[in-house]
Each structure stands twice: as structure tokens, then as C-alpha cells.
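Trainee: whatever this is, show me its structure:
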Amino acid sequence: MDVRAAVAVQAGKPLEVMTVQLEEQRAGEVLVEVKATGAAATYRVDLRSLDELPARELYDLLRMRVDVFVVEQNCPYPELDGKDIDALHLRLLEGAELLGAARILKPYEPQDPSKIGRVVVSPDHRGKRLGDVLMSEAIAACERLYPENPIALSAQAHLRRFYESFGFIAVSKEYLQDGIPHIDMVRQRATQPA
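Mentor: Coordinates of the predicted model:
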């Protein structure tokens with residue numbers, strides 16, 4: 001699935017997200033405009049299964065995750081955890097350059113939440129609020145694909161407020177995962193039954 005996003009970002013300014021119909025739309029393609037005060041840039045957002053990713057693009061995705069989660073955070077753990085095979089991979093790109101990514105896991109059981117994880121922004125592109133764009137797109141994908149399910153994530157504890165700004169609430173106490181403080185969070189589905 002290929003989603004095009006025109007994104008204007010500036011630190012500290014609220015982002016407005018709008019979906020716009022394309023004149024010549026391919027299956028699964030929409031235009032998402034994200035507006036804020038500041039300079040505008042155009043990014044491409046796509047959502048693919050592991051099997052749909054060409055080898056070099058998969059390499060770029062996995063390398064970014066290892067570079068950030070294992071090397072930068074000095075946290076030796078099995079980044080390749082077996083969950084990527086059944087996951088959907090949301091990528092934020094500028095041309096062919098990977099700027100960030102997130103992983104979406106489908107609900108295991110009908111009542112279970114979908115899960116967003118491995119949210120990562122390239123160190124070369126931090127400070128542009130691309131994490132906001134990734135989360136907005138990941139939430140939209142979960143709500144589109146699994147509208148009856150809440151969305152869960154395991155957040156690094158220092159990012160709690162960031163995830164709370166997207167409607168997630170803490171549902172656990174802080175705990176250590178691979179030596180890093182985490183907290184489980186859930187965002188209820190957009191419309192609850194009466």
C-alpha cells in the first residue's frame with residue numbers, strides 16, 4: 001500500500017492531518033497532508049508486508065532499527081525477533097531514502113489489540129517531528145485495518161508523554177525490558193460501542 005504525504009513540520013507547532021482524494025488514485029493510495037507553521041517537505045509513506053519489501057529496502061529498514069535500538073542505545077538484544085514475518089512495515093521515505101519506520105502487528109485474537117512497535121526515526125532526520133508523522137500514520141493504518149480493536153504499544157518510559165499526546169494511556173507500571181525502562185500503553189478504538 002502506498003500513501004503519499006505532504007508534510008510541513010516545525011518543532012513545537014501542532015500538526016494538522018488531512019486525507020485528500022487523488023485524481024488518479026491507485027489501489028490503496030491516498031494523499032495525507034500534514035500542516036504546521038514552517039517549511040514544507042514532501043514524504044512518501046508506505047505500508048508493506050515483509051514479503052513485499054525488496055531486499056535492499058528490507059536491509060535499509062533492519063539496519064536502521066539495529067543502528068538505533070541496538071548500537072545507539074547500547075542495548076544488545078535480538079532485534080530480529082521473528083515478529084517481522086507476520087507484521088506490516090510502515091516506512092517514511094524521501095525519494096529512496098528511509099527517514100523512519102514503524103511495525104504493526106495484527107491482533108492475535110478478535111478481542112486483542114493491534115500493536116505498534118519499533119517506531120524509529122533516522123538519527124540524520126531527528127528534530128523534524130517525523131515521529132509525529134509516523135505515529136499518526138501508524139494509528140490511521142491500525143484504525144483502517146482493525147477498526148474494532150484498540151491499539152497497544154510498549155513505550156520506552158521517557159516517551160510516555162509523546163504517546164499520551166496520541167491518546168495512549170498507561171496500563172502498566174514501569175518495568176525493565178532489555179535494561180531500558182518501559183511502560184505498556186493502550187489507545188482505545190475511535191468509536192466505542194454504546
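
Trainee: and the spatially most central residue of the chain, what does it touch?
Mentor: The residue lying closest to the centre of the chain (Cα atoms, centre = their mean) is residue 102, at 3.6 Å. Applying Cβ atoms under 8 Å, 6 or more residues apart in numbering to residue 102 gives the contacts 89-90, 116-120, 134-135, 137-138. Backbone N, C-alpha and C define where each C-beta goes, glycine included.

Trainee: off-centre distance for the helix or strand harbouring it?
Mentor: Using DSSP states H and E, residue 102 sits in strand 97-105. How far strand 97-105 lies from its chain's middle: 6 Å, per Cα atoms, centre = their mean, to the nearest Å.

Trainee: the residue nearest to the centre of the chain bridge partners, please.
Mentor: Per DSSP bridges, the residues bridged to residue 102 are residue 90.

Trainee: below-threshold pLDDT in this protein: ranges please.
Mentor: The model of the chain has pLDDT under 70 over residues 1-40, 191-194.

Trainee: would you tell me which helix is longest in it?
Mentor: Longest helix of the chain, by residue count under DSSP state H: helix 130-145.

Trainee: residues contacting whichever helix or strand comes after that one, please?
Mentor: Under the assignment DSSP H and E, the closest C-terminal helix or strand after helix 130-145 is strand 151-156. With contact meaning Cβ under 8 Å, 6+ apart, strand 151-156 is reached by 113-117, 119, 139, 142-143, 162-163, 168, 177, 180-187, 189.

Trainee: just the buried residues of strand 151-156, please?
Mentor: For strand 151-156, the neighbour count (16 or more other Cβ atoms under 10 Å) marks 151-153, 155-156 as buried.

Trainee: in its sheet, what does it sit against?
Mentor: Strand pairing for strand 151-156, determined by DSSP bridges: strand 114-121 (parallel), strand 180-187 (antiparallel).

Trainee: just name the most buried of the ones you listed.
Mentor: Using mean count of other Cβ atoms under 10 Å, the stretch among these with the greatest mean number of neighbours is strand 114-121 (a mean of 23).

Trainee: using PDB, write out every CA atom in that strand.
Mentor: Output of strand 114-121 as PDB, limited to C-alpha atoms (Å, rounded to 0.1, in the frame of the first residue of the first chain):
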ATOM      1  CA  SER A 114      -3.300  -4.400  17.300                       C
ATOM      2  CA  LYS A 115       0.200  -3.300  18.200                       C
ATOM      3  CA  ILE A 116       2.600  -0.600  17.100                       C
ATOM      4  CA  GLY A 117       6.200  -1.100  17.700                       C
ATOM      5  CA  ARG A 118       9.800  -0.500  16.500                       C
ATOM      6  CA  VAL A 119       8.900   3.200  15.900                       C
ATOM      7  CA  VAL A 120      12.200   4.700  14.700                       C
ATOM      8  CA  VAL A 121      13.500   7.900  13.100                       C
END
